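Undergrad: sequence unknown, structure follows:
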């Protein structure tokens with residue numbers, strides 16, 4: 001009897017879902033002659049209240065945790081997509097007066113970090129004026145560093161109008177790394193000889209099965225030039241971001257030290273060291289970052305909110321229509337080891 005009751009309930013959900021799709025399809029028939037079900041792409045977000053101060057104003061908290069990567073999850077959304085969607089929602093809500101970027105990351109992929117950086121810059125920038133309308137000033141982003149905000153974690157922090165760090169925060173690690181292995185020595189011992197057919201001299205750049213004496217010096221120079229170019233952009237991001245923040249904050253913030261580039265050699269810094277060099281503006285915790293956000297935005301006792309991905313019954317039921325390979329079971333061994341792709345540049349600090 002219980003099994004029959006469960007089947008009846010599931011059947012009711014199925015009939016209701018099919019009826020809803022049929023009605024929606026009928027309503028949209030005159031607007032688009034497309035078969036199938038319409039589905040919203042991109043992250044679906046719910047606003048969640050972190051701290052209720054009975055205020056009309058809000059401060060949105062956006063978290064950046066773990067490796068910054070461009071890989072998509074089961075729903076097809078990347079970390080970049082999720083952060084952009086949160087910034088868009090905060091931008092479209094007139095009650096949100098500021099954003100706190102809560103960073104706890106060792107960095108990650110160059111492209112993903114740069115996309116997040118651009119999203120923050122665009123969010124903070126003045127909007128282009130509409131016809132006959134004055135330009136609207138962007139909302140401030142205040143960075144609150146956790147235990148780790150190194151390399152790419154600092155890259156996305158640099159454009160923020162204020163950077164708050166704990167004295168024990170590990171930050172800095174300004175630099176670029178491209179990692180790979182050469183297996184030719186092991187292949188020779190096993191009697192394995194590679195056969196490569198290529199259209200040009202450098203078509204097999206960074207190949208792991210060439211002998212090191214087969215790698216022309218021009219290839220070393222080209223790879224190093226790519227690293228140097230990306231590294232130069234990293235330093236420009238830091239220089240421009242901190243200069244703009246100092247112009248905005250005046251005497252309250254910290255300017256970069258004259259010799260800051262000496263410390264942009266990949267080394268990690270404590271929050272205290274970073275403050276002396278002007279990489280951060282103040283030592284404090286998350287509550288201090290909230291106080292600073294309210295001061296910069298000119299508000300008091302704002303509600304704190306965050307955006308979380310929304311899941312409904314359709315997401316749950318859609319799992320049954322996917323292949324078993326789409327769902328993996330992960331075993332937490334207490335280790336967070338990034339899967340670095342050979343030949344891919346990273347803004348990443350990873351102790352070995």
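TA: Alright, I've got the coordinates. No experiment lies behind these values; they were computed from the predicted model shown.
Undergrad: can you tell me the SS state at residue 71?
TA: Following DSSP: H, G, I helix; E, B strand; the rest coil, the label given to residue 71 is coil.
Undergrad: now the regular element (helix or strand) spanning residue 228: mean pLDDT?
TA: Per DSSP states H and E, residue 228 falls inside helix 217-249. Taken as a whole, helix 217-249 has an average pLDDT of 94.
Undergrad: on contacts alone, who are the packing partners of the following helix or strand past that helix?
TA: Sequence order places strand 268-270 as the next helix or strand after helix 217-249, per DSSP H and E. Applying 3 or more Cβ pairs under 8 Å, 6 or more residues apart in numbering; DSSP states H and E, one finds that strand 268-270 contacts strand 170-172. Just so you know, the C-beta spots here come from the backbone N, C-alpha and C atoms, and that holds for glycine as well.
Undergrad: one step back: other SSEs contacting the helix holding residue 228?
TA: Short answer (3+ Cβ pairs under 8 Å, 6+ apart): helix 217-249 packs on helix 110-124, helix 152-155, strand 162-165, strand 177-178, strand 345-348.
Undergrad: indicate which one of the ones you listed is closest to residue 285.
TA: Each of the helices and strands packed on helix 217-249 has some distance to residue 285 by Cβ to Cβ; the shortest is strand 162-165, at 7.7 Å.
Undergrad: contacts for that closest one, please.
TA: If you take Cβ atoms under 8 Å, 6 or more residues apart in numbering as the criterion, strand 162-165 is touched by 140, 142-145, 149, 157, 171, 245, 249, 253, 271, 274-275, 279-286, 288-289, 292-293, 296.
Undergrad: ranges for the strands of the protein?
TA: Under the criterion DSSP state E, strands of the chain are mapped to 45-51, 58-65, 96-105, 107-109, 141-150, 162-165, 170-172, 177-178, 268-270, 282-283, 303-309, 345-348.
Undergrad: deepest of those strands, which one?
TA: Comparing the strands of the chain on average neighbours per residue, with mean count of other Cβ atoms under 10 Å, the densest one is strand 162-165 at a mean of 29.
Undergrad: and residue 144, how far from residue 97?
TA: Separation of residue 144 from residue 97 (Cβ to Cβ, to the nearest Å): 16 Å.
Undergrad: please apply the same query to residue 228.
TA: 41 Å.
Undergrad: again, but for residue 289
TA: For residue 289, the distance to residue 97 equals 14 Å [Cβ to Cβ].
Undergrad: again, but for residue 294
TA: Distance of residue 294 to residue 97, given as Cβ to Cβ: 8 Å.
Undergrad: residue 210 now?
TA: On the measure of Cβ to Cβ, residue 210 and residue 97 end up 57 Å apart.
Undergrad: touching, residue 147 and residue 167? I think so.
TA: No. Judged on Cβ atoms under 8 Å, residue 147 makes no contact with residue 167 at a distance of 11.5 Å.
Undergrad: residue 174 and residue 236 touch, don't they?
TA: No. Using Cβ under 8 Å, residue 174 makes no contact with residue 236, being 11.2 Å away.
Undergrad: between these two, which one's more packed in?
TA: Comparing residue 174 with residue 236 by neighbour count (other Cβ atoms under 10 Å), the higher total belongs to residue 174, at 27 against 11.
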